[in-house]
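Novice: Provided below are the primary sequence and the corresponding predicted coordinates.
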Amino acid sequence: MAKELKERTEIKKKLKKKNDRISFDFSDKLAGQLRRCTADLNRLARIDRIIDKKQTLYSVDTNREAGYIEVIRNY
């Protein structure tokens with residue numbers, strides 16, 4: 001079984017209600033990992049019927065100039 005990202009565990013633990021956010025230091029590798037992670041979490045939320053088909057529960061906001069990545073809970 002694959003090892004779960006520590007960031008994924010942190011996202012599931014800390015983002016409980018609408019407009020909660022977590023910031024991470026920017027890196028291209030981490031940005032890609034977080035995008036894949038949130039895509040998977042959104043897919044699982046659709047399966048569990050937490051959100052509708054066209055909605056996204058988690059989104060990633062990347063700001064390379066400021067040097068941060070934010071993961072935001074939308075619903």
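Specialist: Perfect, I can see it now.
Novice: any low-confidence regions in this protein?
Specialist: 1-2 (pLDDT under 70).
Novice: and the helices in it?
Specialist: 6-14, 28-47 (DSSP state H).
Novice: looking at those helices, which is nearest to residue 73?
Specialist: helix 6-14 (8.5 Å; Cβ to Cβ). (Glycine included, C-beta is placed from N, CA and C.)
Novice: just the CA atoms from the closest one would do, formatted as PDB, please.
Specialist: Provided in PDB are the C-alpha atoms of helix 6-14 (Å, rounded to 0.1, in the frame of the first residue of the first chain):
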ATOM      1  CA  LYS A   6       1.400  14.100   5.400                       C
ATOM      2  CA  GLU A   7      -0.200  17.100   3.700                       C
ATOM      3  CA  ARG A   8      -3.200  14.900   2.800                       C
ATOM      4  CA  THR A   9      -3.700  13.900   6.400                       C
ATOM      5  CA  GLU A  10      -3.400  17.600   7.400                       C
ATOM      6  CA  ILE A  11      -6.000  18.600   4.800                       C
ATOM      7  CA  LYS A  12      -8.500  16.000   6.000                       C
ATOM      8  CA  LYS A  13      -7.900  16.900   9.700                       C
ATOM      9  CA  LYS A  14      -7.900  20.800   9.500                       C
END
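Novice: which strands and helices sit next to it?
Specialist: Where contact means 3 or more Cβ pairs under 8 Å, 6 or more residues apart in numbering; DSSP states H and E, helix 6-14 is packed against strand 21-25, helix 28-47.
Novice: got the contact list for it?
Specialist: For helix 6-14, contacts defined as Cβ atoms under 8 Å, 6 or more residues apart in numbering pick out 20, 22, 24, 30, 33, 34, 37, 38, 41, 58, 71.
Novice: identify the residues contacting the third one.
Specialist: It stands for residue 24. 7, 30, 34, 68, 69, 70, 71.
Novice: neighbours of the nearest residue to the last one once chain neighbours are set aside, just the number please.
Specialist: Setting aside the residues directly before and after it, residue 71 is nearest to residue 22 in space (Cβ to Cβ, 6 or more residues apart in numbering), at 5.0 Å. The burial metric for residue 22, expressed as a neighbour count using other Cβ atoms under 10 Å, is 17.
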